[in-house]
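Undergrad: Provide a 3D model corresponding to the input given below.
(one chain, ligands or ions: 1)
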Amino acid sequence: MTPPQVVVHRDKELMAQAAAARLITKIVDAQAARGSASVVLTGGRNGNGLLAALAAAPARDAVDWSRLDLWWGDERFLPDGHPERNHTQAREALLDAVGLDPARVHPMPASDGRFSGDAEAAAEAYAAELAAAAEPANHARVPSFDVLLLGVGPDTHVASLFPELPAVRETERTVVGVRGAPKPPPTRVSLTLPAIRAAREVWLLAAGEDKARAVTIALSGAGEIQAPAAGARGRARTLWLLDRAAAAGLPRALYPPASP
Ligand SMILES: O=C1O[C@H](COP(=O)(O)O)[C@@H](O)[C@H](O)[C@H]1O
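TA: So this is what the prediction gives:
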């Protein structure tokens, strides 16, 4: 697991634009090296802000969208097309505007249809979908994601791993159903920390003063059960992308000067 690196931008708009530019480069490089790229999306304000910035970036045309695999780190367990579903919001922010291959887009299951309210069964099905896409040679249970994006909640939750709930303690399964989440809706589906840590790079996004306490706690040696964001690390890189307001409580020694 890699130690966190912190990059601080002036404000949330610049943070989203810089993160979008960084993601475009990462996808283009992965496609050049391996033919395709895989990215895990997050929900929330900062994740959707990044997608909207990506949609507005002229350089988005450098990406071959048909050779991109998209997964989700978590989902609010709601009916298909519900406006609060992370999948619906990602479609609105970016996905409907680019030429993705529908076979390569892997939303987490909805609460209606096949799983009719059974978040645990939905989690099992998503784990099986991930395992089917993993590289058998490595005995991996999830694909080797190039970048896994995570928003950070004001309570330090990432994906739908909330402090002290059973999901953040999971060490075996790659995807779990979550019940009793303190943030609505209470029922969710989430990757676990072992699945998150299988990613090459994990990027955590936090902007705004309501995130400052969470950022300080997670980057000050807190345990992952109490502060799930502290346990989100990538194999090759762990990057915290912040704005000044979210970084306000961090010791200056942790990061270089903010961009203008
Ligand atoms: O509910 C969720 O919240 C987190 C953080 O969202 P934010 O709006 O506080 O940035 C998000 O990362 C997660 O995917 C989502 O389901």
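Undergrad: phi and psi next, for the nearest residue to residue 174 once chain neighbours are set aside.
TA: In space, and not counting its chain neighbours, residue 174 is closest to residue 195: 4.0 Å by C-beta to C-beta, 6 or more residues apart in numbering. Heads up, the C-betas are built off the backbone N, CA and C, glycines and all. Note on residue 195: backbone dihedrals following degrees, to the nearest 10 are phi -70, psi -40.
Undergrad: separation between the residue lying closest to residue 12 once chain neighbours are set aside and residue 17?
TA: Counting by C-beta to C-beta, 6+ apart, residue 12 lies nearest to residue 207, which is 3.5 Å off, once chain neighbours are set aside. Counting by C-beta to C-beta, to the nearest Å, the gap from residue 207 to residue 17 is 12 Å.
Undergrad: kindly report the same for residue 44.
TA: Taking C-beta to C-beta, one finds residue 44 at 17 Å from residue 17.
Undergrad: burial count for the residue in the stretch 51-200 of the chain that the ligand sits nearest to?
TA: Per C-beta to the nearest ligand atom, the residue of the stretch 51-200 of the chain with the smallest distance to the ligand is residue 151, at 2.7 Å. Residues lying near residue 151 (other C-beta atoms under 10 Å) number 25.
Undergrad: state the pLDDT value of it.
TA: The score at residue 151 is 98. That number is its pLDDT.
Undergrad: next one: the one 5 residues further on
TA: At residue 156 the predicted local confidence, pLDDT, stands at 98.
Undergrad: same question, the one 10 residues further on
TA: Residue-level confidence at residue 166 comes out at 98, pLDDT.
Undergrad: and it, how many residues sit next to it?
TA: With neighbours defined by other C-beta under 10 Å, the count for residue 166 comes to 13.
Undergrad: for the residue of the stretch 51-200 of the chain closest to the ligand, which non-adjacent residue is closest in space?
TA: Nearest residue to residue 151, sequence neighbours excluded (C-beta to C-beta, 6+ apart): residue 44, at 3.4 Å.
Undergrad: could you check how far that neighbour is from residue 10?
TA: 21 Å.
Undergrad: all helices of the stretch 51-200 of the chain, in order?
TA: Along the stretch 51-200 of the chain, the segments classed as helices by DSSP state H, counting those that start in this stretch run 86-93, 119-133, 193-196.
Undergrad: quick check: what element follows the shortest one along the chain?
TA: Where DSSP states H and E defines the elements, the next helix or strand beyond helix 193-196 is strand 201-206.
Undergrad: who are the packing partners of that next one?
TA: For strand 201-206, the elements it packs on are helix 12-34, helix 44-56, strand 147-151, strand 237-243, judged by 3 or more C-beta pairs under 8 Å, 6 or more residues apart in numbering; DSSP states H and E.
Undergrad: which one of those is the most hemmed in?
TA: Ranked by mean neighbour count under mean count of other C-beta atoms under 10 Å, the helices and strands packed on strand 201-206 are led by strand 147-151, which reaches a mean of 27.
Undergrad: those residues of the stretch 101-250 of the chain touching the ligand, which are they?
TA: Contacts of the stretch 101-250 of the chain with the ligand, taken as C-beta under 6 Å from any ligand atom, map to 150, 151, 153, 159, 160, 183.
Undergrad: could you dump these to JSON lines with distance to residue 63?
TA: Formatted as JSON lines, those follow (distance: C-beta to C-beta, whole Å):
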{"residue": "150", "distance to residue 63": "21"}
{"residue": "151", "distance to residue 63": "22"}
{"residue": "153", "distance to residue 63": "28"}
{"residue": "159", "distance to residue 63": "24"}
{"residue": "160", "distance to residue 63": "28"}
{"residue": "183", "distance to residue 63": "31"}
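Undergrad: fine by me, we can end here.
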